[in-house]
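A.B. asks: give the three-dimensional model of this entry:
(2 chains)
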Amino acid sequence: MTVHHIVGASVPRKEGWGKVTGAARYVDDMTLPGMLYGATVRSSVARGKIKNISFDPSVDWNDFVIVTARDIPGKNCIALILDDQPCLASEAVNHPEEPILLLAHADRHKLRKAVEAVSIEYEPLPPVYTMEEGERQSTIIWGADNTFKSYLVEKGDVDAVWKSAAHIVEGEYFTGAQEQLYIENNGVIAAFDPENGVTVWGSLQCPYYVHKALMALCGLQEENVRVVQMETGGAFGGKEEYPSMIAGHAALLAIKSGRPVKIIYDRMEDMVATTKRHPSRTRHRTAVTEDGKILGGEIEFTIDGGAYATLSSVVLSRGTIHAGGPYYWPSVRIRTKAVATNAPPHGAFRGFGAPQSLFAMERHMDRIAQVVGVSPVEIRRRNFLRPGQTTTTQQVIREQIDLNHLLDRALDLSDYVAKEKRFTQENKLGKRRKGIGIAAFLHGAGFTGSGERYLNSLVGMEAGADGVVRVLVSSAEFGQGTNTVLCQIAAEALSLPYESVAIAQPDTTVVPNSGPTVASRTAMIVGKLVQSAAQGIKQTLMRTGLLGDDYTPEQFRAACGKYIAAHGTLKSYARYEAPGDVFWDDEKYRGEAYAAFAWAVYVAEVTVDLTTYSVTVDDFVALQEVGKVLNPVLAAGQITGGVAQGIGFALYEKVVWQNGRMLNNQMTNYIMPTSVDLPPIRVFFEELGNVHGAHGAKGIGELPMDGPAPAIVNAVEDAVGVRFCSIPVLQEDLFEALQPESLEQDTLTSTREKA
Amino acid sequence: MKTLPETSAKCELSFTVNGDAQKVFAHPMERLLDVLRNDLKLTGTKEGCGEGECGSCSVLLDGMLVNSCLVPVAQASGANIVTIEGMSAHALMAPLQEAFLECGGAQCGICTPGMILAAVHLLEKKPEPAIADIREGLAGNLCRCTGYMQIFEAVARAARRRVPA
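C.D. replies: This is a model prediction of the structure:
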């Protein structure tokens, strides 16, 4: 047979041909007979009571379908974790651009004008625009204390370490909001008929999240809600929870009008109204020995959740667990909280809290190095976690990860030592300063702690009489390679060619709930279940004597045909079973936070131009241990894409806020990296395997988002000696920081200048 | 979607799309993008930003690479248009599509049609582009998934195949 080792091969993307020929069908490419277009009337204030809604009499409103909160058949909420977010504001609004009223019409031009012809009067209430105001609690806008969630992680006796510390190093770090900026805006189509209920086709990551939200909103039974994922043009977390909102809106309009309704946001609406990465603030206070070993520390991590709870608790959780980085902390206290403000809710974005707290950790490590007087390389070496040691949540590192080896290899690949030396020499001359920086980090794969147990994912597989096997999962493809990798795993398990395995379009009437497509869980957790389901098909055919131990695809086809002729269908399901040795305490936030961590060391080389104050990343080395690379081309694509977003996070992408509202909600003034802005991104993998993942795979989707920002800002400091603690670092920030008066204020010098 | 004056009259316009003669009845200020997608059902051309920043709606208009969201359809009158569906209308299309597939140049796929059109345009002007030329040639087309590296590789590979060493 010639079908061995499909796993590990760069087979072409399953849905790739449709994508390169323009045949792939995204939601906006779909039209239904009699379809109307829907639009959303949103709040113009951050916080206030709705006093009156009036309709411009020059418009013939009989022509329009109008939906308000009163038209909601079920519960007026977006069901997710806490049901605090209304689908349509009825009495009060809590953030700018909050949906209040929906309109539908067959003519999109008329619809657009009608949105502007609705006037809403408010009685303003005092708003809270920043985390700091929220923490002060002088105005309470959510719950009793403006706090969505807080966590406390404690390990050892941190209060005892300060006395014995040779150095106590403090730092405060900030990260800004970041827009996911998928190129396909949010969009859905909803249809309703009294017999079958609501069907939604959409651009989304988690069909069953939308399913759950629609049941609650529309007051419908499980079987009367159908959610179908269309080809999805990028998501990055931005289509994790928000699609429940827009799907709800389209469904309400469809129910009221009895006609299909399409809602497609334009770029400005998508940017101003939907979720972004949580802004964060991290405070570190670290006790270290004379030779730079961490004795213990206090970490405070706070995120701005916006106006409703949505996913903040989960984002906070991941940020909390990653806050200590890949280092050994004999003692630590990590206090974290998600605070309410009157901005649109912040949400999921690749990395989910970890890029924020790891930015702080990796900037802080360079700071500790300066204080102790050792190099950034050496400080990391002295503190790396080793197998057998425990993380901040007291998870024992069981895998044989050698972070020193990873670091050595990254230094080698980036030619770090030689460059360090050369830049020190060259930086004495000229207007172009070069710097090199590193970041070491880890990223937990799958849901945190007991999360996977609660998800209880189910994966199905169905073989046809033609011998083609179909993977049945709700895990969505939105560019990462879900379709391809899951088909590879199934093909390998069944000893079939890749072409003999297909994957069903996620449709809640067809696929079981394999969980949401988030948290770098698909290849590892869902992949493992796909493997089990495939074994199930094989075993059924073997048990019934239709298939021998060794078989050809032709024999497999014949066996499927016979089985189906006799029994009707050939299906197999596999349900998640929590590994017995995974212990997690949700109360104390202690135990095995993740079944596996991926590990990485990234190196960034930059040039700061002292004439234009621009930063160019000249070279980028991304080295990571990911368990097993299932598809080298797709895996490398995940890393280069994540690094590009990380470079944007560090140097380009700034959300400008005014009174809780994004001001620069256009691609013209919110800048992401173009093809001329990026360095060569050089990707390297190590594979140590992982008993919990399919073929040893760990998650890789989010990992590359964590390292670039700290590596780059460390490199910028190396180049110009300015200690930036906040990202993004834009040209104007460099300009300001490099003015003589700013430099005088910053009496601290960089390691480079000391050298 | 831009609002158009309701009073303005629609008119008949003719042009060629992917080698086929087309007649549409449209408002002259209607975006070429909307006419392609809605009137001609050529939905391979995508809208990303509606303001000429992202390049997802790129098509070739008389050999020029344009953002079809910025082109009033009247301006396309009599023109020769190539979209992603025009594989048979342009010899460079198929090798690029294959190379994008092999190299991982398409992830979510939403920028891919525009990106491939930009690459067609680049290879027409520069059959043997250096990496710097590829970067420059694709600078008007944003991709949020790939970090561009595999797109550069795909364009370089397609060029190599067309111009055997």
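A.B. asks: what sits against the closest residue to chain B within chain A?
C.D. replies: Nearest to chain B, among the residues of chain A, is residue A:22, at 2.1 Å (CB to the nearest CB). The way it works is simple: take the backbone N, C-alpha and C, and place the C-beta from them, glycine included. For residue A:22, the contact set (CB atoms under 8 Å, 6 or more residues apart in numbering or on different chains) comprises B:42, B:43, B:44, B:45, B:83, B:84, B:85, B:112, B:113.
A.B. asks: return the residues of the stretch 551-700 of chain A in contact with chain B.
C.D. replies: A:633-634, A:636-637, A:640-645, A:666-668, A:672-676, A:678, A:680-681 (CB under 8 Å from any CB of the partner chain).
A.B. asks: and with 7 Å instead?
C.D. replies: A:633-634, A:636-637, A:640-641, A:643-644, A:666-668, A:672, A:674-676, A:678, A:681 (CB under 7 Å from any CB of the partner chain).
A.B. asks: give me the buried subset of the residues you listed.
C.D. replies: Neighbour counting with 16 or more other CB atoms under 10 Å in any protein chain shown marks A:633-634, A:636-637, A:640-641, A:643-644, A:666-667, A:672, A:674-675, A:678, A:681 as buried within these.
A.B. asks: so which of the residues you listed sit within strands?
C.D. replies: residue A:681 (DSSP state E).
A.B. asks: need the max-distance pair from the buried ones among the residues of the stretch 551-700 of chain A next to chain B.
C.D. replies: With CB to CB as the measure, no two of these lie farther apart than A:633 and A:666, at 33.2 Å.
A.B. asks: quick check: closest non-adjacent residue to residue 145.
C.D. replies: Using chain A. Among residues not flanking residue A:145 along the chain, residue A:137 sits closest, at 5.8 Å (CB to CB, 6 or more residues apart in numbering or on different chains).
A.B. asks: oops, chain B please
C.D. replies: residue B:107 (3.6 Å).
A.B. asks: these two touch, right, that neighbour and residue A:478?
C.D. replies: No: contact criterion CB atoms under 7 Å: residue B:107 and residue A:478 do not qualify, at 8.4 Å.
A.B. asks: those two - which one has more neighbours?
C.D. replies: Applying other CB atoms under 10 Å in any protein chain shown to residue B:107 and residue A:478 shows that residue B:107 carries more neighbours, namely 30 against 26.
A.B. asks: for the more buried one, list the residues it contacts.
C.D. replies: Taking CB atoms under 7 Å, 6 or more residues apart in numbering or on different chains, we find residue B:107 in contact with A:479, A:637, A:641, B:145, B:146.
A.B. asks: let me know the closest of the residues you listed to residue A:549.
C.D. replies: Using CB to CB, those come closest to residue A:549 at residue A:637, 36.7 Å.
A.B. asks: please tell me how far the closest residue to the closest one other than its chain neighbours sits from residue A:692.
C.D. replies: What sits nearest to residue A:637 in space, not counting adjacent residues and going by CB to CB, 6+ apart, is residue B:104, at 4.4 Å. For residue B:104, the distance to residue A:692 (CB to CB, to the nearest Å) stands at 27 Å.
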